[in-house]
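[1] following is a predicted model, sequence given first.
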Protein chains: 2
Amino acid sequence: MQDILFNFISKYISLTEDEKNAILSLDIFRTIKKGTILLKEGQKSQDEYFILKGCIRKYYIIDGEEKTTAFFTELEVLTPHCVINNAPSEYFISCLEDTILTVANPGMDVEIFTKSPKFELMCRIMAEEMLAKQQINFDEFKTSSPEQRYLNLVQKRPDLIQRVPQHQLASFLGIKPQSLSRLRARIMEKDKG
Amino acid sequence: MQDILFNFISKYISLTEDEKNAILSLDIFRTIKKGTILLKEGQKSQDEYFILKGCIRKYYIIDGEEKTTAFFTELEVLTPHCVINNAPSEYFISCLEDTILTVANPGMDVEIFTKSPKFELMCRIMAEEMLAKQQINFDEFKTSSPEQRYLNLVQKRPDLIQRVPQHQLASFLGIKPQSLSRLRARIMEKDKG
DNA sequence: GTCATTTCTTAACTTAAGTGAACGAATTAT
DNA sequence: ATAATTCGTTCACTTAAGTTAAGAAATGAC
């Protein structure tokens, strides 16, 4: 499990054995059962997650309806908005599958940055990369129709199609479950003809 | 002009006079004429922008059609995707108004980070904040209808409604200009009745 | 294993966005 | 100043998504 984390970090900076041990001593690995809610609307959590195995989902409840806006899977980082602005969360985060992840918080970050400033570099680069990726995703979403978004998802994250319930995929695509069903039927029809 | 930049920076870190002078010696301020294209599709620019005054627009040309996906105005930072991944740009960036901005590049960043490591902290925090804000924006977009998005924009960025042409706003909202016209007429009608 | 709940699909109907075209208004070029 | 282009709106028509409802399939609880 540690290897996955250290392999990931090694893409950005190189760690000494001492630094690795310092990280391990923080006892950050957690195994979470499917269905567990990590963050509820209104809560003020400080937890930042890095997923080693599994899948977690971010969703709002608007007018009593769940609106799923993101999925996070292997090697992805999730820092909830409430950690950044120290305000109550507007959304929920729950585990779609049994999940192994690491949990950190800004206090730990500062401690690590002070001991080894190169972590600050890593976090800056990661944040910049994630921002750039997020912007491309948003652009693709804006410039395409629900059908194109679905086809794009099939290309880019085929695993999600398998591991995530349709109605959650639908709101992730910005449409209703019935529309996703219909749209899939339409695509099947085209493929045949 | 410098004051705007240093005021902005002071929200994150405090600078010595030496550091301020080091920045000024880099000669980063530019005045750009309305209509100037800062980045073209296919180009590999290294320029990162911070806007002091004015407005710039990011757009794709897809099937010969302009698709505007973002506007950047006063005190906003734009690091094009091509700077991050060093690949040809997929989009254009142009000035909607006469604009004053600063231009930097990763080489300058590294130089500044080496001299004054606290800039690395600033950039990490800024990137994290922008990422969090971007995620909230994306969530709002996904969970609302074109009409709600428009009303939301009127609330949150009323200046854009004034300074940006309707057809560019339309694609920013993910719809066609005709639909934006109709949608506005519909809202006017509701307000009356 | 059975029952209850959730999930997925289909269908009929409503609502809103896309499309193509037209026309006046505003802007830009010369 | 005038001509040419671009921009914004409206309209009629098409297409696709939202809504409501119903039923089958899958999943989870006991």
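    It's in.
[2] distance check, A:Asn142 against chain B.
    If you look again at residue A:142, you'll see it is Lys, not Asn. 5 Å (Cβ to the nearest Cβ, to the nearest Å). C-beta here means a position set from N, CA and C on the backbone, and glycine is covered the same way.
[3] swap that for A:Thr36, please
    From A:Thr36 to chain B the distance is 22 Å (Cβ to the nearest Cβ).
[4] what sits against that residue?
    Contact analysis of A:Thr36 by Cβ atoms under 8 Å, 6 or more residues apart in numbering or on different chains lists A:94-95.
[5] export stretch A:166-182 as PDB, just CAs?
    In PDB, the C-alpha atoms belonging to stretch A:166-182 read as follows (Å, rounded to 0.1, in the frame of the first residue of the first chain):
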ATOM      1  CA  GLN A 166     -26.600   4.800 -14.100                       C
ATOM      2  CA  HIS A 167     -28.600   7.400 -12.200                       C
ATOM      3  CA  GLN A 168     -25.400   8.700 -10.600                       C
ATOM      4  CA  LEU A 169     -23.700   8.800 -14.000                       C
ATOM      5  CA  ALA A 170     -26.700  10.700 -15.400                       C
ATOM      6  CA  SER A 171     -26.400  13.600 -12.900                       C
ATOM      7  CA  PHE A 172     -22.600  13.500 -13.400                       C
ATOM      8  CA  LEU A 173     -23.400  14.100 -17.100                       C
ATOM      9  CA  GLY A 174     -25.900  16.900 -16.200                       C
ATOM     10  CA  ILE A 175     -29.100  15.000 -17.200                       C
ATOM     11  CA  LYS A 176     -31.800  12.900 -15.700                       C
ATOM     12  CA  PRO A 177     -31.500   9.100 -15.500                       C
ATOM     13  CA  GLN A 178     -34.400   8.600 -18.000                       C
ATOM     14  CA  SER A 179     -32.500  10.800 -20.500                       C
ATOM     15  CA  LEU A 180     -29.400   8.700 -20.100                       C
ATOM     16  CA  SER A 181     -31.400   5.600 -20.700                       C
ATOM     17  CA  ARG A 182     -32.900   7.100 -23.800                       C
END
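[6] now do the helices in chain A.
    A:2-10, A:17-24, A:81-85, A:106-115, A:118-142, A:146-156, A:158-163, A:166-172, A:177-192 (DSSP state H).
[7] got the buried residues for the third one?
    Going by neighbour count (16 or more other Cβ atoms under 10 Å in any protein chain shown), the buried part of helix A:81-85 is A:81-84.
[8] for A:Leu75, state which of those residues is nearest.
    Nearest to A:Leu75, judged by Cβ to Cβ, of the buried residues of helix A:81-85 is A:Val83 at 19.5 Å.
[9] per-residue confidence for the residue nearest the centre of chain A?
    Central residue of chain A (Cα atoms, centre = their mean): A:Phe72, 2.6 Å from the mean position. pLDDT, A:Phe72: 97.
[10] that one pairs with what?
    On the basis of DSSP bridges, A:Phe72 is bridged to A:Ile56.
[11] which bits of chain A sit near chain B?
    Residues of chain A lying close to chain B by Cβ under 8 Å from any Cβ of the partner chain are A:60, A:62, A:67, A:69-70, A:79, A:81, A:84-85, A:90-91, A:113, A:117, A:120-121, A:123-124, A:127-132, A:134-139, A:141-143, A:171-172, A:174.
[12] test my guess that A:Ile125 contacts A:Tyr12.
    Yes: the pair A:Ile125 / A:Tyr12 is scored as a contact, 5.8 Å apart, by Cβ atoms under 8 Å.
[13] now A:Gly42. Nearest residue, chain neighbours left out?
    Nearest residue to A:Gly42 in three dimensions, chain neighbours excluded: A:Pro88, at 4.8 Å (Cβ to Cβ, 6 or more residues apart in numbering or on different chains).
[14] my bad, should have said A:Asp98
    Closest residue to A:Asp98 apart from its sequence neighbours, by Cβ to Cβ, 6+ apart: A:Lys34 at 5.1 Å.
[15] what about the one you found, how many neighbours?
    12 (other Cβ atoms under 10 Å in any protein chain shown).
[16] I'd say it and A:Ile56 touch.
    No: here A:Lys34 lies out of contact with A:Ile56, judged by Cβ under 8 Å, at a distance of 10.3 Å.
[17] residues from chain A in reach of DNA strand C?
    Within chain A, the positions adjacent to DNA strand C are A:165-168, A:177-178, A:180-182, A:184-185 by Cβ under 7 Å from any atom of the strand.
[18] can you pull the residues of chain A lying near DNA strand D?
    A:145-147, A:174-176, A:178-179, A:182-183, A:186.
[19] quick check: the residue nearest to A:Gly42 touching A:His81?
    No: if you go by Cβ under 8 Å, A:Pro88 and A:His81 don't touch, sitting 10.1 Å apart.
[20] hey, what's the closest residue to A:Thr79 other than its chain neighbours bridged with?
    Excluding its sequence neighbours, the residue lying closest to A:Thr79 (Cβ to Cβ, 6+ apart) is A:Glu48, at 4.5 Å. Assessed by DSSP bridges, A:Glu48 has beta-bridge partners A:Ala104.
[21] give me the contacts around stretch A:178-193.
    So stretch A:178-193 is contacted by A:146-147, A:150-151, A:166-167, A:169-170, A:173, A:175 (Cβ under 8 Å, 6+ apart).
[22] returning to that earlier point: so how far is chain B from the residue nearest to the centre of chain A?
    11 Å.
[23] wait, what's in contact with that residue?
    Counting by Cβ under 8 Å, 6+ apart, A:Phe72 touches A:49, A:51, A:55-58, A:78.
[24] can you tell me which of those comes closest to DNA strand C?
    A:Arg57 (11.0 Å; Cβ to the nearest atom of the strand).
[25] wait, isn't that closest one in contact with A:Tyr91?
    No: with contact defined as Cβ under 8 Å, A:Arg57 does not count as touching A:Tyr91 (10.0 Å).
[26] hang on, A:Gly54 packs against A:Cys95?
    Yes: at 6.6 Å, A:Gly54 and A:Cys95 qualify as touching, with contact defined as Cβ under 8 Å.
[27] okay then, goodbye and thanks.
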